[in-house]
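>>> got a predicted structure plus its sequence, pasted below:
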Amino acid sequence: MELQTLKTFLRIDGSEDNNLLTSFINAAKSTLRNAGVVEPQVDADANEEEKMQQEEELDQYNLAIMLYVKREYDPLTGIELERIEKSIEGIILQLRDYTGGEDDE
């Protein structure tokens with residue numbers, strides 16, 4: 001997740017909050033990792049179909065980070081907060097590694 005992408009999402013122009021936003025990004029990644037979500041990687045050697053799937057997973061992962069940071073950074077109403085939390089939970093359920101970390105052999 002690039003800081004500038006997040007700042008565009010949050011509509012932030014200045015650099016005053018860069019350290020705070022970076023801390024939120026790290027906290028979001030830790031939260032996702034603790035929820036069983038490994039940061040997706042795009043394998044340059046993968047075929048086009050696999051690469052497209054990996055890019056979609058990475059986009060979802062980054063969206064979860066942006067929503068997490070928005071929840072922590074922006075003042076939200078109860079309805080907005082509920083919608084964001086449901087979105088984050090949905091992304092986690094889609095990206096979670098349900099294999100228990102074991103490789104298929």
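Cool, the structure landed.

>>> for this structure, just list every one of the helices.
Remark: helices of the chain, listed N- to C-terminal, are 3-10, 18-34, 48-73, 78-95; assignment by DSSP state H.

>>> between the ones you listed, which gets nearest to Pro40?
Nearest to Pro40 among these is helix 48-73; the distance by CB to CB comes to 4.0 Å. Placement of C-beta: from N, CA and C, glycine included.

>>> so how far is Ile79 from the closest residue to Ile12 other than its chain neighbours?
Excluding the flanking residues, the one nearest Ile12 by CB to CB, 6 or more residues apart in numbering is Leu21, at 7.6 Å. Distance of Leu21 to Ile79, computed by CB to CB, to the nearest Å: 24 Å.

>>> same question, Glu39
Glu39 sits 30 Å away from Ile79, going by CB to CB.

>>> look at the two and report which has more neighbours.
Taking neighbours as other CB atoms under 10 Å, Glu39 and Ile79 compare with Glu39 leading, 14 against 8.

>>> separation between that one and Arg11?
Here Glu39 is placed at a distance of 25 Å from Arg11 (CB to CB).

>>> repeat that for Asn62.
17 Å.

>>> likewise Ser30?
Plainly put, Ser30 is 25 Å away from Arg11 if you go by CB to CB.

>>> these two: which is more packed in?
Legend: neighbour count by other CB under 10 Å for Ser30 and Arg11, higher for Ser30 (10 against 7).

>>> pLDDT score for the more buried one?
Ser30 is assigned 97 on the pLDDT scale.

>>> residues contacting Leu81?
Arg71 (CB atoms under 8 Å, 6 or more residues apart in numbering).

>>> swap in the one 4 residues further on?
Contact criterion CB under 8 Å, 6+ apart gives Arg71 as the residues in contact with Glu85.

>>> try 10 Å
By CB atoms under 10 Å, 6 or more residues apart in numbering, the contact list for Glu85 reads Leu67, Tyr68, Arg71, Leu76.

>>> next, count neighbours for the second one.
Other residues within reach of Tyr68, judged by other CB under 10 Å, total 22.

>>> most tightly packed of the helices of the chain?
Of the helices of the chain, the one with the most neighbours on average (mean count of other CB atoms under 10 Å) is helix 48-73, at a mean of 16.
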